[in-house]
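> build me a model from this:
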Amino acid sequence: MSAPTSTTVAPQPRDPRRRDEELLGAALASPGPWRRAWEDLRANRAAFLALVFLAAVAATSLLAPLLPLPSPIALELADEPLAPAAPWNGFLVHGFQPQYWDLGPIDRALVSLRQGIFGDLQTGPWLGTDQKGRDVLARIVWGSRTSLAVGLLATLTSLLVGVTWGAVAGLAGGRVDQVLMRIVDALYSLPFIFVVIFLITVLDGWREELHGLLGLERESLFYVTIGLFYWLTMARVVRGQVLQLRNAEFLAAARLAGARWPWLIRVHVLPNVLGIVLVYLTLSIPSILLFESFLSFLGLGIEPPKVSWGLLAVDGADAINPLGLDWWLVVWPAAAMGSVLLALNVLGDGLRDALDPKGGRE
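Numbers count the residues shown, from 1 in each chain. Sure thing, here's the model as predicted:
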């Protein structure tokens, strides 16, 4: 008898349509880069807690007119400032006075709603009062609105100028790149603090003319002036990123198709530098907050009766004298500002790791 022979079955050709459907399903099922970055950020417990804390601070700041806080400028003259009192010893007390500076329409509506809900009730001196009887907690919360607005608007101004400048320099290259970056180098050589102080002092003398011509308030000029001197580093960072993308195939194809620079920057450059821009945003705000505090300490920042963390630092400095130390005027504003600065730095560190395309996931 002859041995049975084995037959080999030839593999059937794979259906191209089925293969394309499987690849498309796998692509749709896999998380995108932003979703992966969000998951990485949530996995970083410190950075995620910093994000939650900053969101809570921002919500408290925005809703300050609605909260049952005393007026930040209401005076209760006394011989000495009141020390902090535990909330359970006087959670809500009568005596609210709706005294504020010129608020906007939304803030005025929130104050009216606050009076409708709480009446004349307000929180007690949980964090104490200053030499003029003003509530420290209310001044910290209302001061956060001003300081955070300075940090955000000045940073956004610097990002707008820096990203545009760096993107144009990187895309153009050649002589245009050389001229633009030499301007950046020249501006870097200027004494930053003295130039900003000089500009703020000069613009302060023209505030009425600028308000009549451009409708800019003093605070708006303050934000823009600071922001216009924080864009230099951003321009260099964005230029370096754009130089790496300059010879990419998608940019070459867009140029051959006749795309103009504004379209290239908006569609191709910004999505590829957005990660580094977000990290720079979180790391620039602390520097601007500290600079605002320094200028307010010198009397060149936010003007009373408005309040900012810089003005609270001035009050804290006045509290340090040979006759005694009203520690709560120093500790609580410093703790509020320090915690926000720490949270911004931790969040920036976490964003850098989450948005790093070379980081990889363990």
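> all strands for the stretch 1-150 of the chain, in order.
Applying DSSP state E, counting those that start in this stretch to the stretch 1-150 of the chain gives strands spanning 92-94, 121-123.
> who's in contact with the spatially most central residue of the chain?
Centroid-nearest residue in the chain: L152, 4.2 Å away (criterion: CA atoms, centre = their mean). Contacts for L152 (CB atoms under 8 Å, 6 or more residues apart in numbering) come out as I285. In this view, the C-beta of every residue, glycine as well, is placed from N, C-alpha and C.
> next one: it from P87, what distance?
As judged by CB to CB, to the nearest Å, L152 and P87 stand 31 Å apart.
> hang on, the earlier thing: and the strands of the stretch 1-150 of the chain as TSV, adding mean neighbour count?
Shown next, in TSV, are these (neighbours: other CB atoms under 10 Å):
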stretch	mean neighbour count
strand 92-94	12
strand 121-123	19
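> weakest of the ones you listed by average pLDDT?
With a mean of 84, strand 92-94 has the lowest mean pLDDT of the strands of the stretch 1-150 of the chain.
> in its sheet, what does that strand sit against?
According to DSSP bridges, strand 92-94 forms sheet pairs with strand 121-123 (antiparallel).
> run through the protein and note the low-pLDDT ranges.
Along the chain, segments meeting pLDDT under 70 span 1-34, 78-79, 203-220, 259, 261, 321-324, 356-362.
> test my guess that T157 contacts F222.
No - contact criterion CB atoms under 8 Å: T157 and F222 do not qualify, at 11.1 Å.
> quick one, which of the two is more surrounded?
When T157 and F222 are compared for neighbours, F222 comes out ahead with 26 against 20, by other CB atoms under 10 Å.
> how near is the more buried one to V331?
In this view, F222 and V331 are 27 Å apart by CB to CB.
> which one of the strands of the stretch 1-150 of the chain lies closest to R42?
Closest approach to R42 among these (CB to CB): strand 121-123, 33.8 Å.
> OK, contacts around V330?
Residues near V330 by CB under 8 Å, 6+ apart: 316, 319-320.
> just the helices in the stretch 201-350 of the chain please.
Ranges of helices in the stretch 201-350 of the chain, per DSSP state H, counting those that start in this stretch, are 207-214, 218-227, 232-245, 249-256, 261-264, 270-297, 309-319, 328-354.
> which one of those helices lies nearest to H94?
Closest of the helices of the stretch 201-350 of the chain to H94 is helix 328-354, at 23.0 Å (criterion: CB to CB).
> enumerate the positions of the closest one that are buried.
Along helix 328-354, these residues count as buried under the neighbour rule (16 or more other CB atoms under 10 Å): 328-330, 332-333, 336-337, 340-341, 343-344, 346-352, 354.
> one more: stretch 107-115?
Buried residues in stretch 107-115 (16+ other CB under 10 Å): 107, 110-111, 114.
> need those in TSV (columns: distance to L148).
As requested, those are exported to TSV (distance: CB to CB, whole Å):
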residue	distance to L148
D107	15
L110	17
V111	19
R114	20
